[in-house]
Structures are given as structure tokens and as C-alpha cells.
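Colleague: build the 3D model from these lines:
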Amino acid sequence: MTHITVHAPAGPVVGRRTGPVQRFLGIPYAQPPTGVRRFAAPVRRGRFPEPFDASRHGPTSQRVPLFPTTTVPEPSVPGDDILNLSVVAPAPVDGQAAPCPVLVWIHGGGFLAGSPASPWYDGRSFARGGVVCVTVGYRLGVDGFAPLDDVPTNLGLRDILLALDWVQENIAAFGGDPGRVTLAGQSAGGAAVLALLSSPAASSLFQRAVSLSGGLFDGDGYAARHFVGRLGERLGVPPTRAGFGDRTVQRLQGAVLALRDELGADILPLGPIIGDDILPVSVADGLAGHGHDVPLLLGATGDEFDCGAAPENPHPSPYRPAELVAARAAGTRVTDTLFRAACPRVAGARRDADAGTWLYSFEWPSPVLGGAAHCVDLPFFFDLLDAPGGAEALGPYPPVELAAAMHADLSGFVHGREPDWARATGGPGDPAREYGRSGAALVADTSGVFDPVVRTEPSVRAVSGVVEAC
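Modeller: This next block holds a predicted model:
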């Protein structure tokens with residue numbers, strides 16, 4: 001491992017090089033959102049007067065994990081400089097002719113938790129394939145998405161927009177091409193991708209988009225305001241900027257998760273709010289009018305939150321294994337209503353987009369989790385089956401060929417290649433690429449996978465083992 005210094009417009013940044021990959025971790029792109037900057041729009045970070053040590057992950061917005069045990073390893077890193085990003089890039093080689101395309105990754109966690117420092121998001125496989133990978137931290141929970149009087153809405157999305165601005169200004173110094181940026185994310189991160197694709201505020205900040213398990217989770221703020229009111233009662237403070245500002249981020253996050261569990265609240269009590277300059281209309285309506293020059297790849301796992309009934313699953317499926325097949329056929333599972341139904345809906349909203357929309361479905365059933373669960377596609381997309389926590393979620397022998405194929409498809413998309421299966425338009429029988437379905441080839445093109453029709457193969461199987469929630 002050797003030190004390497006990049007001289008960017010943001011200032012000198014000192015990272016580490018290991019073989020063909022170089023890492024620059026925890027680079028602040030905005031001022032810490034503390035004091036008067038808490039509950040305010042993000043403020044651009046000034047130029048570093050001295051070389052910035054980017055040898056370790058920066059502080060995370062997450063202070064309290066979404067669940068005691070999560071599928072994705074999600075470390076919480078203390079500190080105030082939570083608006084930071086990390087760059088994993090190919091090491092420069094003699095005679096390199098052109099800058100590399102860029103993948104900007106937005107982590108999931110229900111807009112309440114999650115960590116950009118997860119080893120599942122390390123971009124080394126992308127870097128080896130000639131892609132610069134950027135992972136972004138943004139504000140979460142009350143600090144990022146609570147609708148409060150005298151506070152800008154969608155602060156978490158505003159953070160991501162400022163990070164994309166940073167990429168435009170600085171990524172060339174790391175070998176990236178600011179004109180070839182793909183915005184990608186999973187779960188809440190995938191929903192953020194769709195939200196920003198629909199937003200006039202994000203025009204020209206990215207040229208391609210990928211949404212993994214990202215539903216349409218925007219709202220008018222009514223339910224969120226009710227939740228925030230109950231939260232204030234729980235904490236003994238008014239649900240205002242001053243009231244919540246008197247509580248630490250850690251205490252707020254813990255109270256949000258406790259109230260969510262107590263109320264049996266929706267999976268996303270806080271999230272993007274429509275009606276401001278970022279999301280003037282709903283995401284679905286915005287997608288009908290914006291981002292039509294941006295190619296989009298999106299999909300979902302086969303079972304998301306409806307896997308087999310393993311004994312330690314904190315969120316067991318309400319269906320018995322035999323019932324899950326019929327429920328999937330009818331499209332009535334949480335998996336279908338929250339995630340899979342969004343795929344044809346988004347494709348339909350973009351049916352007139354010249355750039356095109358492509359669907360995929362991840363169907364490989366983890367022998368640990370009892371199905372194609374939420375989050376288990378991530379090590380395949382990143383081609384990181386050996387990452388910490390992988391065996392606990394995927395078992396000891398996940399198919400390396402599937403990871404290679406999925407990663408190649410995603411990397412090719414980031415490089416600007418059009419997927420080699422047909423475009424989707426949101427109608428019945430839409431084409432899609434399936435990954436890892438039992439009884440089929442590891443990679444198979446099909447149609448109608450998102451239609452609520454009876455399938456010939458069971459989509460889940462009941463197994464014993466530990467089930468963790470993402």
C-alpha cells in the first residue's frame with residue numbers, strides 16, 4: 001500500500017493505492033450540518049488549506065442502525081463531518097487515453113439509517129473495470145427528511161445534489177469523466193435516484209441512472225407531519241426546528257425507530273416530500289416530463305421482504321411457503337406493492353423517453369434467507385461475494401458466475417453500452433432480464449416477470465437458518 005496525492009479543485013487529497021486500485025475515503029463535500037447549519041441547506045466545503053488525509057471512512061449520518069441485525073454490514077462512524085464521500089478509482093496507468101466513467105452510489109436504509117462505509121459498497125471491482133466509484137453520505141431521518149416549519153424540505157436530497165456538484169467539479173482529478181456520471185442506489189437509495197431523475201434541480205448532474213429495489217416513496221408530507229408530531233410528544237419537545245435541535249442526532253434516530261415499531265408504522269415514515277423546488281410534483285409525474293435523455297436500468301429482487309419463514313427473521317412473511325407462490329402470482333405481497341409494482345409504473349411514465357428504460361429481476365434464492373431477499377443482490381452487482389458479511393447472508397457457495405454476469409451488465413451500462421435485452425414500456429409482458437431463477441439459466445431474458453400472473457417455478461423455499469433484515 002502506498003500513499004498517493006491528488007490535487008483537486010477542492011484541495012490536495014491524500015489517499016492509498018493498493019495494486020491497481022486507489023482509495024480516497026471520507027472526503028467532506030459540505031460543511032458539517034451542526035449548530036446553525038443543522039436543519040439548513042448544505043453549505044459547500046471550502047478548499048482544503050492543507051492536504052486532507054483520506055485514509056479512513058468519514059463520520060456517518062447513521063447513529064442507530066435500522067435493525068439490531070442487518071443484512072448489509074452498516075458501520076456507524078462517530079463525528080460531525082457526515083457530509084462526506086469516498087472515491088475508489090483505477091490507479092493511473094501510462095498511456096491512459098481518456099477519463100473513466102463514474103458511478104455515484106447512494107446507500108439504502110429507509111431514509112432513516114444505512115452507511116456509505118459498508119464494505120459491500122467498496123468499488124474495487126468497478127475500479128478494476130475502468131470505472132470511478134463514488135459513495136455518498138447524506139442526512140437521514142428527522143435531520144434529512146422531516147417536514148418542519150422554517151426548514152427546507154428534502155435536506156437529504158439537497159445533500160446528494162451538492163455531492164453531485166462536487167463530482168462535476170472534482171472528479172476529473174481522480175481520473176473520472178464528469179460528462180459520464182451514472183447515479184445509482186438501492187432501496188431508499190434507489191428511490192432517491194428515481195426522485196432526482198424526476199427533479200428539475202438535478203438536470204445535467206448525471207447522464208445515466210440505475211435503481212435497485214427503489215420504489216416510489218414520495219408523499220405530500222401529511223403522514224410525515226403526523227409522525228413528527230407524535231415524535232415530539234414522545235421526546236417532550238415541540239415538533240419544530242428549535243425543539244428537535246435540542247436533541248442529539250443519536251437520540252432522535254433512536255426515538256424515530258422506537259416510535260416506528262410502536263405504531264407499526266409504514267416502512268418509510270420519513271422520506272422525500274413533494275411540493276418544493278426539488279420535487280415540485282410526484283416522482284411518477286416528474287418522470288413523465290423529466291430525465292427522458294437519461295437511460296434508466298431498474299429492477300427488484302424476487303422476494304424482497306417476503307422470504308421463507310426462518311426462525312430468527314425479525315420481519316417474517318405473513319404467508320406460509322405454499323401461500324407465497326399464489327401471493328406473488330396475485331401481486332399482493334409487500335414485495336410486490338412496495339417494490340416490484342414500481343418497475344412497470346416507472347417504465348410506463350417513461351414510455352416516451354428516447355433514452356430508454358430496461359428492467360431486471362434478481363431471482364437467486366439465498367439458502368440462508370429463504371429467497372431472493374432485499375439486499376442480497378448487492379454483492380452480485382458489486383461483484384464482492386467475498387466481502388465481510390457475505391457468507392452470513394448468502395451462504396458459503398454463492399454462484400460466482402452470476403456475480404460476474406450481473407456486474408458485467410451493470411459495468412457495461414455505466415460505460416455507456418445499451419443493455420442487450422429489449423426496452424420496457426410499462427405494459428403487460430414487458431421484457432426483463434432475470435438473474436438466478438431456480439430451474440433456469442443463471443442469466444435469462446424473459447417477458448412478463450413483473451406481471452401478476454402465475455409462474456411455473458416457486459419463487460421461494462422455506463429453509464432453516466438465520467434471517468436478517470436490511
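Colleague: run through the stretch 251-400 of the chain and note the low-pLDDT ranges.
Modeller: 265-267, 308-316, 321 (pLDDT under 70).
Colleague: mind listing the strands for it?
Modeller: Using DSSP state E, counting those that start in this stretch, the strands of the stretch 251-400 of the chain run over 296-301, 357-362.
Colleague: any chance of TSV for the ones you listed, columns distance to residue 116 and mean neighbour count?
Modeller: All C-beta spots, glycine's among them, are computed from the backbone N, C-alpha and C. As requested, those are arranged in TSV below (distance: least, CB to CB, whole Å; neighbours: other CB atoms under 10 Å):
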stretch	distance to residue 116	mean neighbour count
strand 296-301	21	27
strand 357-362	22	26
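Colleague: to residue 231, which of those lies closest?
Modeller: Nearest to residue 231, of all these, is strand 296-301, at 30.0 Å by CB to CB.
Colleague: rewinding a little: in a markdown table: the strands of the stretch 251-400 of the chain, plus distance to residue 271.
Modeller: Formatted as a markdown table, the strands of the stretch 251-400 of the chain follow (distance: least, CB to CB, whole Å):
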| stretch | distance to residue 271 |
| --- | --- |
| strand 296-301 | 17 |
| strand 357-362 | 23 |
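Colleague: what's the closest of those to residue 24?
Modeller: Among the strands of the stretch 251-400 of the chain, the nearest to residue 24 by CB to CB is strand 296-301 (26.7 Å).
Colleague: partners of the closest one in the sheet?
Modeller: If you go by DSSP bridges, strand 296-301 pairs up with strand 208-212 (parallel), strand 357-362 (parallel).
Colleague: what about the residue nearest to residue 350 when sequence neighbours are not counted, distance to residue 296?
Modeller: Nearest non-adjacent residue to residue 350, counting by CB to CB, 6 or more residues apart in numbering: residue 357, 4.9 Å away. With distances taken as CB to CB, to the nearest Å, residue 357 is found 5 Å from residue 296.
Colleague: list residues touching both of the two?
Modeller: Taking CB atoms under 8 Å, 6 or more residues apart in numbering as the criterion, residue 357 and residue 296 both touch 346, 350.
Colleague: I'd like the next helix or strand past the longest strand belonging to the chain.
Modeller: Ranked by residue count and defined by DSSP state E, the top strand of the chain is strand 176-186. Using DSSP states H and E, the helix or strand that follows strand 176-186 towards the C-terminus is helix 188-197.
Colleague: looking only at pLDDT, what's the mean for that next one?
Modeller: Average pLDDT, helix 188-197: 98.
Colleague: ok now that helix, how far from the chain's centre?
Modeller: Its chain's C-alpha centre and that of helix 188-197 lie 8 Å apart, by CA atoms, centre = their mean, to the nearest Å.
Colleague: how about that helix as PDB, C-alpha atoms only?
Modeller: In PDB, the C-alpha atoms belonging to helix 188-197 read as follows (Å, rounded to 0.1, in the frame of the first residue of the first chain):
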ATOM      1  CA  ALA A 188     -34.100   4.100  -0.300                       C
ATOM      2  CA  GLY A 189     -31.000   5.000  -2.400                       C
ATOM      3  CA  GLY A 190     -32.800   3.600  -5.400                       C
ATOM      4  CA  ALA A 191     -35.900   5.700  -4.500                       C
ATOM      5  CA  ALA A 192     -33.600   8.700  -4.300                       C
ATOM      6  CA  VAL A 193     -32.300   8.000  -7.700                       C
ATOM      7  CA  LEU A 194     -35.800   8.000  -9.200                       C
ATOM      8  CA  ALA A 195     -36.700  11.100  -7.200                       C
ATOM      9  CA  LEU A 196     -33.700  13.000  -8.600                       C
ATOM     10  CA  LEU A 197     -34.300  11.600 -12.100                       C
END
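Colleague: in it, which residues are buried?
Modeller: Within helix 188-197, the residues that count as buried by 16 or more other CB atoms under 10 Å are 188, 189, 190, 191, 192, 193, 194, 195, 196, 197.
Colleague: format the residues you listed as JSON lines; extra columns: distance to residue 285.
Modeller: Shown next, in JSON lines, are the buried residues of helix 188-197 (distance: CB to CB, whole Å):
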{"residue": "188", "distance to residue 285": "20"}
{"residue": "189", "distance to residue 285": "22"}
{"residue": "190", "distance to residue 285": "19"}
{"residue": "191", "distance to residue 285": "15"}
{"residue": "192", "distance to residue 285": "17"}
{"residue": "193", "distance to residue 285": "17"}
{"residue": "194", "distance to residue 285": "12"}
{"residue": "195", "distance to residue 285": "12"}
{"residue": "196", "distance to residue 285": "15"}
{"residue": "197", "distance to residue 285": "12"}
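Colleague: which one among these gets closest to residue 88?
Modeller: For the buried residues of helix 188-197, the minimum distance to residue 88 (CB to CB) is 16.8 Å, reached by residue 189.
Colleague: what two of the buried residues of helix 188-197 are the furthest from one another?
Modeller: Greatest spacing in the buried residues of helix 188-197, by CB to CB: 188 and 197 (14.8 Å).
Colleague: and the residue nearest to residue 382 when sequence neighbours are not counted, what does it touch?
Modeller: Closest residue in space to residue 382, ignoring its immediate chain neighbours: residue 125 at 6.0 Å, by CB to CB, 6+ apart. Residues in contact with residue 125 (CB under 8 Å, 6+ apart) are 382, 383, 384, 407.
Colleague: residue 350 now?
Modeller: 287, 288, 291, 292, 296, 357, 426.
Colleague: can you give me phi and psi for it?
Modeller: With angles defined as degrees, to the nearest 10, residue 350 sits at phi -110, psi 20.
Colleague: measure it to residue 296 for me?
Modeller: When distance is defined by CB to CB, residue 350 is 7 Å away from residue 296.
Colleague: from what I see, residue 179 and residue 205 are in contact.
Modeller: No. Contact criterion CB atoms under 8 Å: residue 179 and residue 205 do not qualify, at 11.0 Å.
Colleague: residue ranges in the stretch 51-200 of the chain under the pLDDT threshold?
Modeller: For the stretch 51-200 of the chain, the stretches with pLDDT under 70 are 95-97.
Colleague: which residues of it fall in helices?
Modeller: Along the stretch 51-200 of the chain, the stretches classed as helices by DSSP state H, counting those that start in this stretch are 124-128, 141-145, 155-170, 188-197.
Colleague: re earlier: report all helices and strands that the longest strand of the chain contacts.
Modeller: When contacts are defined as 3 or more CB pairs under 8 Å, 6 or more residues apart in numbering; DSSP states H and E, strand 176-186 sits against strand 100-106, helix 155-170, helix 188-197, strand 208-212, helix 400-414.
Colleague: most tightly packed of the ones you listed?
Modeller: helix 188-197 (a mean of 28; mean count of other CB atoms under 10 Å).
Colleague: could you check the angle it makes with strand 296-301?
Modeller: Interaxial angle of helix 188-197 relative to strand 296-301 (axes from the mean of the first three to the mean of the last three CA atoms, to 10 degrees): 150 degrees.
Colleague: just the CA trace of stretch 317-325, in CSV.
Modeller: Provided in CSV are the C-alpha atoms of stretch 317-325 (Å, rounded to 0.1, in the frame of the first residue of the first chain):
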residue,chain,number,x,y,z
SER,A,317,-43.6,-13.1,6.0
PRO,A,318,-47.3,-13.4,6.9
TYR,A,319,-47.6,-16.2,4.3
ARG,A,320,-46.8,-19.9,4.6
PRO,A,321,-44.4,-21.1,1.9
ALA,A,322,-47.1,-22.6,-0.3
GLU,A,323,-49.1,-19.4,0.0
LEU,A,324,-46.2,-17.2,-1.1
VAL,A,325,-46.4,-18.6,-4.7
